[in-house]
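S.K.: Sequence and predicted structure, then a few things I'm wondering about:
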Amino acid sequence: MRIRIDLAYDGTDFSGWARQPGRRTVEEELGRALTTVLRRSEVRLTVGGRTDAGVHARGSVCHLDLDPDEWAAVTGRSARVPAEALVSRLRGVLPPDVVVRSAREVPDTFDARFSAVRRRYTYRLCDDPTRLDPLRRRDTVVWRHRLDEEAMTVAVDGLVGLHDFGAYCRPREGASTVRHLQSYRWERDDDGTLRATLVADAFCHSMVRALVGGAVAVGEGRRPTTWPREVLERGVRDPGVQVMPAHGLCLEAVEYPDTDEARAARAAESRAVRGPVHGPGRDAR
């Protein structure tokens, strides 16, 4: 049986999602909790978006496979259905910086990674330290200069579309850096915080934080609004593009097709195509 888990976490004290020897990771904490609840030696998790150290998530999704008897046994002596029981029991063993929101049975054609059609991230910047909400200091980056959000909006408009984002990534050998950036916008919230929202089919390593850094250079007035697009077209890393701090970044959602058939088709397509749009499984940051 395949089980989908929706979760959120504060990434401050984690070295990212993926297991790493000697480091605290979200995958390790969730896997440990699941082995305790399921009474098995290990679990294998597949995630829809692998975040880096310090990056947060409100809408992460992963899946695991269980034997039907294991799933039925989650309820113990309670009258709850297995999905409710799993969420409740995980709450009792997970640390407070990880929250499982839901768990449910899905067809085995669903894949948290390959069935996804898009990922949505936000990035928070406070360019007026006197207005910083101290309760948001873990997910908001304080910037030393005032930023022109209108210029930033104009600058990033030329980045939207299907492009090779090699200039805004830390490429891995043999991996494509072509992605479809579906949306990128800047808004200033009521509290004065600048918030970027980026949506793409997938993101390369450090791509979101580099795209934000390119816009910040424009917002400070150090670069013209045409510069981020020029960097993209040159196709090489530019030292003027700063990879922004991790703690301002949050995975807001991993989105999937509406029907089982469409999710299965998307997973098959993503596995088969190792070309530009789908690329490697590592997502974001």
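M.R.: All right, it came through fine. Residues are numbered from 1 along each chain as shown.

S.K.: Would you mind measuring from the closest residue to residue 145 other than its chain neighbours to residue 143?
M.R.: Here the nearest residue to residue 145 in space, its sequence neighbours aside, is residue 220; by Cβ to Cβ, 6 or more residues apart in numbering that works out to 5.0 Å. For glycine as for every other residue, the C-beta is placed from the backbone atoms N, C-alpha and C. Counting by Cβ to Cβ, to the nearest Å, the gap from residue 220 to residue 143 is 9 Å.

S.K.: try residue 239
M.R.: Counting by Cβ to Cβ, the gap from residue 239 to residue 143 is 19 Å.

S.K.: and the closest residue to residue 181 other than its chain neighbours, what pLDDT?
M.R.: Computed as Cβ to Cβ, 6+ apart, the closest residue to residue 181 that is not its neighbour in sequence is residue 200, at 4.7 Å. pLDDT recorded at residue 200 is 96.

S.K.: For residue 200, list each beta-bridge partner.
M.R.: Counting by DSSP bridges, residue 200 is bridged to residue 119, residue 181.

S.K.: Can you report how many residues neighbour it?
M.R.: Other residues near residue 200 come to 25 when the count uses other Cβ atoms under 10 Å.

S.K.: which ones are touching residue 229?
M.R.: Residue 229 makes contact with 155, 158, 159, according to Cβ atoms under 8 Å, 6 or more residues apart in numbering.

S.K.: you'd agree the last one is in a strand?
M.R.: Think residue 159. No: Residue 159 is assigned coil when assessed by DSSP: H, G, I helix; E, B strand; the rest coil, not a strand.

S.K.: That one: neighbour count?
M.R.: For residue 159, the neighbour count with other Cβ under 10 Å is 19.

S.K.: Check residue 259 too.
M.R.: 9.

S.K.: Once you drop chain neighbours, what's closest to the residue most central in space within the chain?
M.R.: For the chain, the residue sitting closest to the mean C-alpha position, by Cα atoms, centre = their mean, is residue 251 at 3.6 Å. Spatially, and ignoring its direct neighbours in sequence, residue 251 is nearest to residue 57 (4.1 Å; Cβ to Cβ, 6+ apart).

S.K.: swap in residue 82?
M.R.: Leaving aside its sequence neighbours, residue 82 sits nearest to residue 74 (Cβ to Cβ, 6+ apart; 4.5 Å).

S.K.: Tell me the confidence at the one you found?
M.R.: For residue 74, the model assigns a pLDDT of 94.

S.K.: ranges for the strands of the stretch 51-200 of the chain?
M.R.: Taking DSSP state E, counting those that start in this stretch as the test, the strands found in the stretch 51-200 of the chain are 56-65, 98-106, 118-126, 141-142, 161-164, 178-188, 194-200.

S.K.: Kindly reformat these as CSV containing distance to residue 13.
M.R.: Shown next, in CSV, are these (distance: least, Cβ to Cβ, whole Å):
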stretch, distance to residue 13
strand 56-65, 11
strand 98-106, 10
strand 118-126, 18
strand 141-142, 17
strand 161-164, 35
strand 178-188, 29
strand 194-200, 23
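
S.K.: Indicate which one of those is closest to residue 230.
M.R.: strand 161-164 (12.7 Å; Cβ to Cβ).

S.K.: Please identify the buried residues of that closest one?
M.R.: Applying a neighbour-count criterion of 16 or more other Cβ atoms under 10 Å, one finds 163, 164 buried in strand 161-164.

S.K.: centre of the chain versus the helix or strand encompassing residue 27, how much separation?
M.R.: Assigned by DSSP states H and E, residue 27 belongs to helix 26-38. The chain centre lies 20 Å from the centre of helix 26-38; the measure is Cα atoms, centre = their mean, to the nearest Å.

S.K.: Using CSV, write out the CA atom coordinates for it.
M.R.: This file holds the C-alpha atoms of helix 26-38, laid out as CSV (Å, rounded to 0.1, in the frame of the first residue of the first chain):
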residue,chain,number,x,y,z
VAL,A,26,13.8,16.1,8.4
GLU,A,27,13.9,12.8,6.6
GLU,A,28,15.8,11.3,9.6
GLU,A,29,13.4,12.6,12.2
LEU,A,30,10.3,11.6,10.3
GLY,A,31,11.7,8.2,9.4
ARG,A,32,12.6,7.6,13.1
ALA,A,33,9.1,8.5,14.2
LEU,A,34,7.6,6.2,11.6
THR,A,35,9.8,3.3,12.5
THR,A,36,8.6,3.7,16.1
VAL,A,37,4.9,3.9,15.3
LEU,A,38,5.1,1.1,12.6
